[in-house]
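**Q** Compute the structure for the input listed below.
(one chain, ligands or ions: 1)
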Amino acid sequence: MEKVVTRIPPSPTGHLHIGTARTALYNFLFARKHKGDFIMRSEDTDRARSTLAFEEEIREGLTWLSLTTDSFSRQSERAAIYRSYLEKIINEDKAYISKEESKSNPGESIEVVRLRNPNIPLTFADEVRGDITFDTTELGDFVIARSLDDALYHFAVVVDDFEMGVTHVIRGEDHISNTPRQILIQEAIGAPRPYYAHLPLILALDRSKMSKRHGAVALYQYRDTGFFPQAILNYLALLGWNPGTPQEIFSLPELIEAFDVAKIQKAGAVFDIEKLKWFNKEWFKIVPQSDIEPTLRAALKKTFDISTPDERVVKNLIHLIRDRSTVLSDITKDVEEGEYDFAFKAPVLDPALIKWKKDETAKDALPRLHEVITRLTGATDSDNPEAIKSILWDYAEKVGKGEVLWPLRVSLTGKEKSPDPFTVIATLGIPEALRRIQNACDTIEAS
Ligand code: GLU
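**A** Residues are numbered from 1 along each chain as shown. Model prediction:
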C-alpha cells in the first residue's frame, strides 16, 4: 500500500479554531495509525488577511496539543510551482488564457486562466457520506488563476496535495462543494484522486453552526482557562467520531490505536462545554504532577508570598486539587479565595463556630477534642488521609461523626468550609495538627 499522507492546511487569517484543531487531530490520528506523514501547509494566499502571527499561533497550538507535523510549507512561497502547472495545462489545451473585463475594476482588461470544463457528471466516494454526485456543467469554465503568477485557491490546493503526495483529504463538510472543482483540476493536471472524508460540522447547543456568539471558539481561550491538551484532544476526538465501545477516556496513543474513519458520524456534532469540563476534571486525576504544580506554585507565591513552600504541603495540596478542580484556573481562584489558607496560616478561632449543632456551648466539644489529641499523640504520622482517618474513624462513629469531625475541622482551619479534617491533618502533619487542636482547646477554655 502507498504511504499515507494527510494534511492540515489552515488559512492564517484568524486564531486556531477548535474545529480546525479537530480536523488536525483526525488527520494526525489517521496518519499515525497508518505509519504515514501528517503535513501542515499554511494557505496564506489571501495576502491582505493572512498574518505570520496567526500562522505562528496555529503552529504553537498544534504543538501544544502534541499534534506534531512532518513538514511545513507556505503557499505564498510556491507561486512558481503553480505557474509551471498552469503553463503545462494551457499547453495541453486543458486550460486557456481568457482576456476579459475585470469585475472589480470595470473598464480594465485582465487575462485570467480558465479551466476547460469537460462537462461530465462527476461522482466521488466520501468515506463518511458515501457517493456524492455533482453536475459539473453548471461550474462552466471556471477561473483557476488571476494570472500565471496568481493561482486561485482551488488550483493551489490541488497542485499542493498532488506535489506533497497527499493520499487522504479529511476536512470539514463545508468543503464538499469545493470538491468537484478540485477533482476537475486534478484530472487536468493528471493527479490521482485522494480519498475524501468530510467531517460533520461542529454545532452549538442550539444546533446552529458554532460561532463566537456561542462562547470561546479559539483554542488559546481554552488553554488560557486551564484546560489540559489531553482533555481537549479526548473531547474533540469524540466530537464526531464514535469508538464503538463505552470507553470515554482516551490518551493520544490510545486514540491512534482506536481511530477508524468508518466510525465518523454524518450528523453535526454538538459542542458542549460542560462535557469538555467533565473530561478536564477526569484528566485532572491523570495528568502528571508537573502539569499542575507550576500553577499552584505561582498562585502560592502571589497570594501568600511563599516561593519555597513546604514540600509535604505542596504534594498534599496537589492531591486535593486533583480531586476538586475542573480547570487549572480553579487553583488560582481557590488559593485566592482562601480554600488552602489552612495549609499556610494558623487559624484565628471563633469558639462559637466550634460549637456543633447539638452542643450547648463550645465547651461540650472539649472531651471529644481531648480524645482526638490522645489518639493522634500515639499515632504514626502519615500524609495519606486514609491512614489518618483510620486513627479517628471508629471513635467518630461511636460518639457521632458531626460531634467529632466538626469541632476538629474548625480547630484545624478556623473556617466554616474547608477540606475534611483527615486531609487537613495529612497535609499539615500530626505535630502541627496537635498544636492547633491544643490551641483550640485553650481558646475554648478561656472563652
Ligand atoms: N484552507 C482551508 C481552510 O482553512 C482548508 C482547505 C482544505 O482542507 O482543503 O479551511
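
**Q** wait, what's in contact with the closest residue to the ligand within the stretch 101-250 of the chain?
**A** Here the stretch 101-250 of the chain gets closest to the ligand at one residue, Arg171, 3.7 Å apart by Cβ to the nearest ligand atom. Using the backbone N, CA and C atoms, a C-beta is placed for each residue, glycine as well. Taking Cβ atoms under 8 Å, 6 or more residues apart in numbering, we find Arg171 in contact with 23, 197-199.

**Q** Could you say which of those is surrounded by the most neighbours?
**A** Among the contacts of Arg171, Leu199 has the most neighbours (other Cβ atoms under 10 Å), with 26 neighbours.

**Q** List phi and psi for that residue.
**A** When quoted as degrees, to the nearest 10, the phi and psi of Leu199 stand at phi -80, psi 150.

**Q** residues in contact with it?
**A** By Cβ under 8 Å, 6+ apart, the neighbours of Leu199 are 22-23, 26, 128, 170-173, 240, 264.

**Q** for the residues you listed, which one is nearest Leu115?
**A** Arg171 (21.4 Å; Cβ to Cβ).

**Q** How far away from the center of its chain is whatever helix or strand the closest one lives in?
**A** Using DSSP states H and E, Arg171 sits within strand 168-172. Distance of strand 168-172 from its chain centroid, counting by Cα atoms, centre = their mean, to the nearest Å, is 20 Å.

**Q** Just checking: what are the partner strands of that strand?
**A** strand 195-199 (parallel) (DSSP bridges).

**Q** After the partner strand, which helix or strand is next?
**A** Using DSSP H and E, the first helix or strand after strand 195-199 is strand 202-203.

**Q** Tell me which two of the contacts of Leu199 sit farthest apart.
**A** Arg22 and Val128 (13.6 Å).

**Q** So the two - more neighbours on which side?
**A** Arg22 (24 against 19).

**Q** quick one, what contacts the more buried one?
**A** 199, 202, 236-237, 239-240.

**Q** Can you confirm whether the host helix or strand of it lies near the ligand?
**A** Using DSSP H and E, Arg22 maps to helix 18-33. No - Helix 18-33 lies out of reach of the ligand by Cβ under 6 Å from any ligand atom, never closer than 6.9 Å.

**Q** Return the set of buried residues in that helix.
**A** 18-33 (16 or more other Cβ atoms under 10 Å).

**Q** For that helix, list the C-alpha coordinates in PDB.
**A** Extracted as PDB, the C-alpha positions of helix 18-33 are listed here (Å, rounded to 0.1, in the frame of the first residue of the first chain):
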ATOM      1  CA  ILE A  18     -11.500  24.500  17.800                       C
ATOM      2  CA  GLY A  19     -12.900  23.000  14.600                       C
ATOM      3  CA  THR A  20      -9.500  23.200  12.900                       C
ATOM      4  CA  ALA A  21      -8.000  21.600  15.900                       C
ATOM      5  CA  ARG A  22     -10.400  18.700  15.500                       C
ATOM      6  CA  THR A  23      -9.700  18.400  11.800                       C
ATOM      7  CA  ALA A  24      -5.900  18.400  12.600                       C
ATOM      8  CA  LEU A  25      -6.500  15.700  15.200                       C
ATOM      9  CA  TYR A  26      -8.400  13.400  12.800                       C
ATOM     10  CA  ASN A  27      -5.700  13.800  10.100                       C
ATOM     11  CA  PHE A  28      -3.000  13.200  12.700                       C
ATOM     12  CA  LEU A  29      -4.600  10.100  14.100                       C
ATOM     13  CA  PHE A  30      -5.200   8.600  10.600                       C
ATOM     14  CA  ALA A  31      -1.600   9.300   9.500                       C
ATOM     15  CA  ARG A  32      -0.100   7.900  12.700                       C
ATOM     16  CA  LYS A  33      -2.300   4.900  12.700                       C
END
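
**Q** quick one: average confidence on that helix?
**A** Averaged over helix 18-33, pLDDT sits at 98.

**Q** So Lys99 sits against Ser109, correct?
**A** Yes - judged on Cβ atoms under 8 Å, Lys99 makes contact with Ser109 at a distance of 6.2 Å.
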